[in-house]
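> Return atomic coordinates for the entry below.
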Amino acid sequence: MKSVAAEDAADSPNSADPLVQLRRLIPHLDDEDLDLDAIDGEFYWRCCRPDIWSQVERYPVSTRGDWVSMHMWDNIVDAFDPEERRRDPASWVRLRDGLVTRYMTGAQDPLGVLAGSEQEQRVELRVFSNRWSGAGVEQNIVSYLTDLERRANDGIRELWFKPGESEVIRVAFTFVPTGSEATKPFRSLARFALPHIVVVIGLPLPAAGTIAKLYNEIVLEKRQWGELLTGVPTQQEKRVALRTWAVGLLVGRGHGTIKAMREVCTVLGTPEVTSVQFTDDRRRLIERVPEAQPFLYNKPPRSPAQPR
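The predicted structure follows:
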């Protein structure tokens, strides 16, 4: 994944100022990694939730491979929401990235215990985004294991699929509704704030493309669980998303819509749009990121039954 260029101290990546974030993102509009999920994540976590971001930024990412440090990190995360896990600082902060962990067979594991074996290494991915296809699921699992292999800890090279006369595929998909609790070795009790899909795979991994195919066919097509996840897969052109986030956040902080639009479009170098167009763009953004609504209005929007 591409690295994010270092910024001047005045334009800190952790700034909650919408215009600072806008200036940070504009030079990377042509980057494939800066997709809609990354734009939504950069604005939401840094501008809307600096309270959480300031907490997780204190934890040194270099120690995550140590089990004791990972346990300490899990306690920090569980104080908020488990899906709000720290990302690698060299990458974009995505809105709903997957939560990947590796562990030994547990008593309540959906795959059970192999006959004649007390424990088996498993990798688990929790999918919170309804935008993910099977390719994204498999890519995140492989990237996670590749990172462990790169750091060469606890014999990770033995976890990859091996050529042989037969291949056993051990995978389970589970839909988890809002508010469900989960326990796992080295993790404290956690309550998940968002609905999600759990993918559990017994290692070694099956052949490339297998997990992606199974996820698409079982989770998305047969069960249609992707439709139960938070938000809707609303598309929006990246430059429009930047403009809508920045204007909406400024309006939410008390700026007039006309003034906010002028400031943002000056930075973007694009023509201003009408209030009607901005209102429609903001509606689509909120459909995609419903938790952003409180931060995008100077006053809470009226419900249909609420009198003027």
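
> May I have the phi/psi pair for Arg122?
Arg122 has phi and psi values of phi -130, psi 150 when expressed as degrees, to the nearest 10.

> Check it and give its pLDDT.
The confidence metric pLDDT takes the value 84 at Arg122.

> Tell me what it is bridged to.
Under DSSP bridges, the beta-bridge partners of Arg122 are Tyr103, Gly202.

> For the protein, just list every one of the helices.
Secondary structure of the chain by DSSP state H: the helices cover 18-25, 36-43, 50-56, 67-78, 134-151, 210-214, 238-252, 257-268, 275-288.

> and those, which one's lowest on average pLDDT?
Among the helices of the chain, helix 67-78 scores lowest, at a mean of 44.

> before we move on, back to that, could I get the helices of the chain as CSV with mean neighbour count and distance to Tyr297?
For glycine as for every other residue, the C-beta is placed from the backbone atoms N, C-alpha and C. CSV is the format used below for these (neighbours: other Cβ atoms under 10 Å; distance: least, Cβ to Cβ, whole Å):
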stretch, mean neighbour count, distance to Tyr297
helix 18-25, 21, 14
helix 36-43, 22, 15
helix 50-56, 14, 19
helix 67-78, 14, 29
helix 134-151, 16, 32
helix 210-214, 18, 39
helix 238-252, 23, 6
helix 257-268, 17, 11
helix 275-288, 16, 8
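
> wait, which of those helices is closest to Val171?
helix 210-214 (6.1 Å; Cβ to Cβ).

> which secondary structure elements does that closest one contact?
Here helix 210-214 touches helix 134-151, strand 171-176, going by 3 or more Cβ pairs under 8 Å, 6 or more residues apart in numbering; DSSP states H and E.

> nearest to Leu111, of those?
Proximity to Leu111 (Cβ to Cβ) singles out strand 171-176 among those, at 5.3 Å.

> Fine, thanks again, bye for now.
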